[in-house]
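Asks: okay, predicted coordinates and the sequence, questions at the end:
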Amino acid sequence: MYFQSNLKQLALTQASARKSFQAIVESDYALEQGEIQFLSIAFSAPEVSATALPQGLNLLILYGMGDGHWVRRLLTEIKPTTMVWILDPQPALAWIFLNDFDLQDIVADPRVTWRVDSSERLIAEISKHCRDILDQYGSFYLENPLIASIGERFQNPLLHYLRQENLKRQQLPSLDSLHQQLKHLYQALEPPMQQAYQKYDLTCKQGCADCCKSSVGYHLCINPLEWKDLYSNLWQLPESERKQIYQQSVISLAQHSAYLVSVLDFFDRQPERFYKADFHLELLKMAGDERKQACVFLGKDDNCQVYQGRPLTCRIFGNSYGLKTIPFTCDKDGQLMEQIILDEGQRNQLVSATPYRQRLRDLHQTLPFKQVINAWVFTHLDFENADFLPDVRLDYQQFQQLVRRPNLLAARLQSLTQAAQTLA
């Protein structure tokens, strides 16, 4: 009944799914209320219970389209930016529902990709995606009960693969536990930092904000857990102070919006290089004069407004050294710290930054990416309420979507411009 109109919609929006049905001419089936007969086997339709979807959902992976009712209900419960992959490893079975139910609205939904193919090809495709994905927390897996029951009867390899991958994901450490480990890392760093300040007359201490005025924003990259800690401190501020930072952020980002687009593209083109030194050097070169803008979290009194949640780099800058005993500081103390290391050698009481950086990287094995502070801020602006979003996002998809969906990026930049004009 709906077959030709469904195929037409597939041809317009999902050519790969349309191609999978071209070879199917006929199929023996019967579809009745509460039961489906497929390949001479009858399957009762299990009841579909409501499923609580997690917050921060960026990719919803579904096993089986079915008649569309189950998928359609889920689409009403997710946010407009959540991607949905529907995987159907039995084209003949999918054809049954394509023929008897109107699926045009689902197929045409910009969030949805319907992949209909053999189990082997679907496994190869999704396993590549799992290797390429930069975080493992923003996805969620669900099974259409009827299609899964049929998959179980035929011991479908894709169903087994997806269940195994979902089990691995459920065994990951929680983001809250990783955040607590980051806080412990910050606490462990505090004594050696204070020791360095007490031992040496260092310039870089609270009260000096020169680097905050010229070396952050589009230059300073931070990890997801660092952003989570910074963001929690932002929301501990009084509402008036938080909204003041929002206004400052909107104005600053609007002034540098073209460069912001370049930064998002720069990161998305080479995620495998996040932790390589030449990546950071290229970013520095690309930043140029953009580095001279002040950090959006720097107050008018030159104090950091989220000081307790400042990232690791802000904590160790000016009192530490890195590989090959190179001082990590500005020109004010560079020679002093070089002389300390030269005179005292391994006995010096400056902070050795390397073990703390390595520990930070270890905490991000399931979130192996960074982003500049201003890009994190940009994705967390709530233009409708003139405030920051109440819930933090740690996934890389929030940046990737802006790069790969030009209309979404253009709409968000337009909202940014309008908000800045309102504040001007």
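Replies: Thanks, I have the structure now.
Asks: so where's the chain uncertain?
Replies: For the chain, applying pLDDT under 70 flags the ranges 1, 3, 21-50, 131-134, 206, 215, 290-291.
Asks: mind naming the longest helix for it?
Replies: Assignment by DSSP state H gives helix 175-199 as the longest helix of the chain.
Asks: list the helices and strands that helix packs on?
Replies: When contacts are defined as 3 or more CB pairs under 8 Å, 6 or more residues apart in numbering; DSSP states H and E, helix 175-199 sits against helix 224-234, helix 312-316, strand 351-352, helix 353-363. Placement of C-beta: from N, CA and C, glycine included.
Asks: show residues contacting that helix.
Replies: Contact partners of helix 175-199, identified using CB atoms under 8 Å, 6 or more residues apart in numbering, comprise 137, 202, 205, 225-226, 228-229, 312, 315-316, 319-320, 349-351, 356, 359-360, 363, 366-367, 394.
Asks: buried ones among those?
Replies: Among the contacts of helix 175-199, those scoring as buried are 137, 202, 225-226, 228-229, 312, 315-316, 319-320, 350-351, 356, 359-360, 363, 367, 394 (criterion: 16 or more other CB atoms under 10 Å).
Asks: which one of the helices and strands packed on helix 175-199 lies nearest to V84?
Replies: helix 224-234 (23.2 Å; CB to CB).
Asks: relative to helix 224-234, how tilted is the helix or strand following the closest one?
Replies: Next in sequence after helix 224-234, counting helices and strands by DSSP states H and E, comes helix 239-255. Per axes from the mean of the first three to the mean of the last three CA atoms, to 10 degrees, the angle that helix 239-255 makes with helix 224-234 is 130 degrees.
Asks: and helix 239-255, what's buried?
Replies: 242, 245-254.
Asks: next one: stretch 281-288
Replies: 283, 287.
Asks: report the distance from it to the chain centre.
Replies: A distance of 23 Å separates the centroid of the chain from that of stretch 281-288, by CA atoms, centre = their mean, to the nearest Å.
Asks: number of residues surrounding I123?
Replies: I123 has 19 neighbours, counted by other CB atoms under 10 Å.
Asks: re the thing from before, next structured bit after the longest helix of the chain?
Replies: According to DSSP H and E, the helix or strand after helix 175-199 is strand 221-222.
Asks: all strands of the protein, in order?
Replies: With DSSP state E as the criterion, the chain has strands at 29-32, 35-38, 41-44, 59-63, 83-88, 112-116, 139-143, 221-222, 320-321, 327-328, 351-352, 371-372, 381-382, 387-388.
Asks: which elements pack onto the longest one?
Replies: To tie it back to what came earlier, the one meant is strand 83-88. strand 59-63, helix 69-77, strand 112-116, helix 119-132.
Asks: can I get the ones you listed in TSV including distance to P192?
Replies: Below are the helices and strands packed on strand 83-88 laid out as TSV (distance: least, CB to CB, whole Å):
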stretch	distance to P192
strand 59-63	41
helix 69-77	48
strand 112-116	50
helix 119-132	38
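Asks: between those, which one is closest to A52.
Replies: A52 sits nearest to helix 69-77 of all those, at 9.3 Å, using CB to CB.
Asks: buried residues in the closest one, which are they?
Replies: Within helix 69-77, the residues scored as buried using 16+ other CB under 10 Å are 70-71, 74-75.
Asks: in CSV, list the helices and strands packed on helix 175-199 along with distance to L98.
Replies: Formatted as CSV, the helices and strands packed on helix 175-199 follow (distance: least, CB to CB, whole Å):
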stretch, distance to L98
helix 224-234, 40
helix 312-316, 52
strand 351-352, 62
helix 353-363, 46
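Asks: of those, which is nearest I341?
Replies: With CB to CB as the criterion, I341 lies closest to strand 351-352 of these, at 10.5 Å.
Asks: contacting residues around that closest one?
Replies: Against strand 351-352 from outside (CB under 8 Å, 6+ apart): 189, 192-193, 196, 316, 319-321.
Asks: let's see 6 Å
Replies: 192-193, 196, 316, 319-320 (CB atoms under 6 Å, 6 or more residues apart in numbering).
Asks: thinking again about what came up before, tell me the one among the buried residues of helix 69-77 nearest to Q421.
Replies: Out of these, the member with the shortest distance to Q421 (by CB to CB) is L75, at 34.2 Å.
Asks: which residue, other than its chain neighbours, is closest to the closest one?
Replies: Spatial nearest neighbour of L75, excluding adjacent residues (CB to CB, 6 or more residues apart in numbering): D109 at 6.3 Å.
Asks: quick one: that neighbour and G66, what's the gap?
Replies: For D109, the distance to G66 (CB to CB, to the nearest Å) stands at 16 Å.
Asks: so between these two, which is more surrounded?
Replies: G66 (26 against 16).
Asks: for the spatially closest residue to D229 that is not a sequence neighbour, what are its contacts?
Replies: Spatial nearest neighbour of D229, chain neighbours left out: G309 (4.8 Å); criterion: CB to CB, 6+ apart. Counting by CB under 6 Å, 6+ apart, G309 touches 229-230, 233.
Asks: distance to L281 added to those residues, as JSON lines?
Replies: What follows is the contacts of G309, written out as JSON lines (distance: CB to CB, whole Å):
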{"residue": "D229", "distance to L281": "27"}
{"residue": "L230", "distance to L281": "25"}
{"residue": "N233", "distance to L281": "30"}
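Asks: of those residues, just say which sits nearest to L159.
Replies: Using CB to CB, these come closest to L159 at D229, 39.0 Å.
Asks: tell me the spacing between the closest one and I126.
Replies: 32 Å.
Asks: and what of I106?
Replies: Distance from I106 to I126, by CB to CB: 20 Å.
Asks: was I right about P157 contacting R121?
Replies: No: counting by CB atoms under 6 Å, P157 stays clear of R121, with 11.0 Å between them.
Asks: who touches both of these two?
Replies: Here P157 and R121 share no contacting residue, scored by CB under 6 Å, 6+ apart.
Asks: what's the burial count for K332?
Replies: 15.
Asks: do the same with L381
Replies: Residues near L381, counting by other CB under 10 Å, number 20.
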